[in-house]
Structure formats: C-alpha cells, structure tokens
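> Following is a predicted model, sequence given first.
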Amino acid sequence: MTFPKIKQVRAYVIKGGEGGGGADYHDQGEGHWIDNHIATSMGRYPEYRQSRKSFGINVLGTLVVEIEADDGTIGFAVTTGGEPACYMVEKHFARFLEGRNPFEYERIWDQMYFGSQYYGRKGIVVNAISGVDLALWDLMGKLRGEPVYHMLGGAVRDELQFYATGARPDLAKEMGFIGGKMPLYHGPIEGDEGLKKNVELVADMRSKVGEDFWLMYDCWMALDVNYATRLAHKCHEYGLKWIEEAINPDDYWGYAQLKKNVPQGMLVTTGEHESTRWGFKMLMDMGCCDIIQPDVGWCGGVTELLKISALADANGTLVVPHGSSVYSYHFVITRHNSPFAEFLMMAPKADHVAPMFHPQLLGEPVPENGRLKVTALDKPGFGVELNPEVKLYRPYEH
Ligand SMILES: C[C@H](O)[C@H](O)[C@@H](O)[C@@H](O)C(=O)O
Ligand SMILES: [Mg+2]
C-alpha cells in the first residue's frame, strides 16, 4: 500500500487579542479571569503583579503548522509558538519532512529533536516540534480516514470526563464538571495577608460546592517550598484535592520535598512546562508528583506523549494532560492512566463553556455536562479544520 509523500511544510502565526487568543489562550481581552491578578514569579515586581500580559505571557501568539501531501491532503495543528517557532519549522525542521512518507513519524521526530538538540530540548523548540508532530498525526488520520484516537489504540472508555479550570468552580459544578481548579491569586510577596486570602477563597468555594466536588489550586510556578507547604496544610481542612505546579519547574529537588511535606492524601501535580520523556522521567524518578500534566502541544507532541505516558504507567503515575483541546482528548480517551481531562474555561467570567481554541478551530468539540462522548471525536485526524476567517501570516519561507 503506498501513501503520498510530504510535499511541503508551512508555518504561520495568528495573533490573538481581544476575546480570542486561540492556541495562545492567555492572549485574551481586558477583564478576562485568566489575567486577573494571578500569582506568578514575576509578582515580586509590583508593575507585573496585576496582569500576566504585562510581563509578556502572550508575546508569542499561535503557531499554525500545515503539512501538505503530494495528493493535496493537508494536515494541520495549532499550538503556542509564534514567529520564533515558525522560523524553526521553516528553516530547520521542514528538511526532515519534505519528500518523506508521513507515516515515518518516529524517524521525523527523532531527526527534529536531535537535529535541534544543540539549542533545544525544552521550551519553544519543543513547542515547534510538537506543532509539527500534531500536524503529522492530523495528516496521517486524514490520509487513512481515521480519527487519531483510533491510531493510538482506540478508546478504553465511552466518554471523557472533565474538571474545569477557571475562576468559578461553583459554576463549574452546576455545569456538570467533576471538579474545579482555581488560579492562585496571591504569591509569597504578598505575605501572610495574601496567604490568608488564598485560604479564605478555598473555604468560601468549599462552602458553595459542598463536600464531594473536587477543588484544586493552580499555582503556576509562583511559590517556594515553604509557602506551598503552608498553603497546602491550611487548605487541607477544606479538602484541597491537589496543589498544582507550585514551584519552579526546574526545581525537581523542591518538588520532591513538597511531595513529602503536603498533608497525607493531598496530591502534588506538575508538568505543563516540562518537555520530553527525559524531563518527565526526572519528575517521576525523583518522586516529585502524583500526577504529571504534559501539554501535548508543548511536551513533544503525540509521538512523545506516547513515550511519556508509558513511562508514567510503569511508574504508577497518572497522566492528565494540560488543557490542549482536541489534541489531548484524542490521547486521554485511549489511556487507562489518564482517567479524566482538563477543560480550560475560556469564557471571560468562566460562566459558560466556550471552545478552548476559539476562534481558530472549526468543529472543536466541547464538553456537555462535563463530559464528551467518544463519538464526538469520530472524524479523520483530530477532527477539526482551521477557520478560514482567521488571518494567517507566514513570516518565513524555505
Ligand atoms: C490557570 C493557570 O494560571 C494557567 O493559566 C492555566 O493555563 C494552566 O496552568 C492550567 O493548568 O490550565
Ligand atoms: Mg496548570
């Protein structure tokens, strides 16, 4: 059986802005919950404490990768990466794909990673590799007429269940989600007063959602081990289920200590800013966390997430990918050690369900009553198309 070869790889940026950051989902308009005084390491600078956009969380913009086969079939994917990622895709990675069989995804991934090993390994380089890999899986699905999850071994359950990330866990419960993860609003720079407000918020939310609904805190790398330990212990009485990405992702030693410090029964989670099987092996070998949360658009793509997930399975660690829309749904539905998924509430007040990568993806499925039936994924590739209304800009060619 012969398949068409890869004819051309193209990389574009899409700028987000008012009300539609797309894959660069932090790039939202004013007043959005996702940019309202959320604690970060930059919070030690007063001028950067109110808004993450003020220090540049949205500088990159969306990367769109298109891979066209010589029969005209096009696979695509979106992730975070902007112009720098476009440069790498066009000027470096395209050479490993053009003229090749699209199903040689292992060879292509290996050459992209080791061909950029001298300057990459983590961060935006792996975002770019992830974007190419996701577009390749989309192309493979379109060429075979199969959804990606079929090619990953098929569904192990009939539906996905989601927890919601956003400012309103109380509303998330009413919408049928299994839990609510809140951003942390006050970091160590705001002292005991800030810590008290963080705890009061969990107490208030617990009073609103009742005893059984999951409540979690997402600390977005803002804390130190001591502060995270104190926060965990003070929130324990309100049933905080997990404390997420509390400290600097490179401080594996700190995570190992935090995991020992937190109250028994509270989970430590992290990984959305970690890359590749080697980074996640480090997290697991050093006993850093109970759940790893790779973003499939940032950790190396599906090809790498398969390896990360197998490592985690052998290690008894759950894999709950960081919210990345259809790109994680097609994976989570195929793995027993991924029992639920994240849904990021992109509505500015977190008061209704909106497609995560709006307005970029046509046909982007969203949970209903906190769930998504596997049949919603039954379209070739990742089952979405690029919105033709969205303006693409190709900064480099090769
Ligand atoms: C809510 C958090 O601050 C981030 O904005 C969020 O994108 C990420 O950490 C998550 O886990 O969803
Ligand atoms: Mg997070």
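On my side now, so go ahead. Ligands and ions are numbered 1, 2, ... in the order given.
> Could you list the low-pLDDT ranges of the protein?
Residue ranges of the chain with pLDDT under 70: 15-20.
> if you go through it in chain order, where are the helices?
For the chain, helices defined by DSSP state H occupy the ranges 82-91, 105-115, 124-144, 148-151, 169-174, 191-209, 225-236, 252-261, 276-285, 302-315, 326-332.
> which stretch among the ones you listed comes nearest Ala246?
helix 225-236 (3.8 Å; C-beta to C-beta). C-beta coordinates here come from the backbone N, C-alpha and C atoms, glycine included.
> and the closest one, what other elements does it pack with?
Applying 3 or more C-beta pairs under 8 Å, 6 or more residues apart in numbering; DSSP states H and E, one finds that helix 225-236 contacts helix 191-209, strand 240-244, helix 252-261.
> Rebuild those as TSV, extending it with mean neighbour count.
Output for the helices and strands packed on helix 225-236, formatted as TSV (neighbours: other C-beta atoms under 10 Å):
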stretch	mean neighbour count
helix 191-209	15
strand 240-244	25
helix 252-261	18
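> For this protein, which residues are neighbours of ligand 2?
Asp218, Glu244, Glu245, Glu272 (C-beta under 5 Å from the ion).
> got the contact list for the first one?
Looking back up the chat, that one is Asp218. Thr165, Lys181, Met182, Pro183, Leu184, Glu244, Glu245 (C-beta atoms under 8 Å, 6 or more residues apart in numbering).
> 6 Å - rerun?
If you count contacts by C-beta atoms under 6 Å, 6 or more residues apart in numbering, Asp218 has them with Lys181, Pro183, Glu244.
> now swap in the last one and tell me
By C-beta under 6 Å, 6+ apart, the contact list for Glu272 reads Gln293, Asp295, His322.
> Residue numbers of the stretch 201-350 of the chain in contact with ligand 1?
Residues of the stretch 201-350 of the chain lying close to ligand 1 by C-beta under 6 Å from any ligand atom are Asp218, Trp220, Glu272, His322, Gly323, Glu342, Leu344.
> same thing but 5 Å
Applying C-beta under 5 Å from any ligand atom, we find that the stretch 201-350 of the chain lies next to ligand 1 at Asp218, Trp220, Gly323.
> Among those residues, which one lies nearest to Gly287?
Using C-beta to C-beta, these come closest to Gly287 at Asp218, 21.2 Å.
> Show me what the closest one is bridged to.
Judged by DSSP bridges, the bridge partners of Asp218 are Pro183, Glu244.
> Relative to Leu171, how far out is Ser207?
Counting by C-beta to C-beta, to the nearest Å, the separation of Ser207 from Leu171 is 15 Å.
> For stretch 273-292, give me every contacting residue.
122, 126, 249, 252, 255-256, 259, 267-271, 299-300, 304, 307-308, 311-312, 315, 317-320.
> Go through it and flag the buried ones.
By neighbour count with 16 or more other C-beta atoms under 10 Å, stretch 273-292 contains the buried residues 273-277, 279-280, 283-284, 288-292.
> same thing with stretch 26-35?
Buried, per 16+ other C-beta under 10 Å, within stretch 26-35: His26, Asp27, Gln28, His32, Trp33, Ile34, Asp35.
> List the ones among these that fall in strands.
Among the buried residues of stretch 26-35, no residue falls in strands (DSSP state E).
> Check these and tell me the two furthest apart.
The widest separation within those (C-beta to C-beta) is 14.2 Å, between Asp27 and Trp33.
> about what we covered before: list just the nearest of the buried residues of stretch 273-292 to ligand 2.
His273 (8.6 Å; C-beta to the ion).
> since we're on Ala85, how many residues are nearby?
Applying other C-beta atoms under 10 Å, we find 29 residues neighbouring Ala85.
> Tell me if I'm right that it and Leu63 touch.
Yes: taking contacts as C-beta atoms under 6 Å, Ala85 lies within contact range of Leu63: 4.2 Å.
> Please compute how far stretch 325-334 lies from its chain's middle.
Offset of stretch 325-334 from its chain centre (C-alpha atoms, centre = their mean, to the nearest Å): 11 Å.
> contact partners of it?
With C-beta under 6 Å, 6+ apart as the test, stretch 325-334 has contacts from 134, 148-149, 152-153, 155, 160, 296-297, 305, 321, 338, 341, 356-357, 374, 377, 382, 384.
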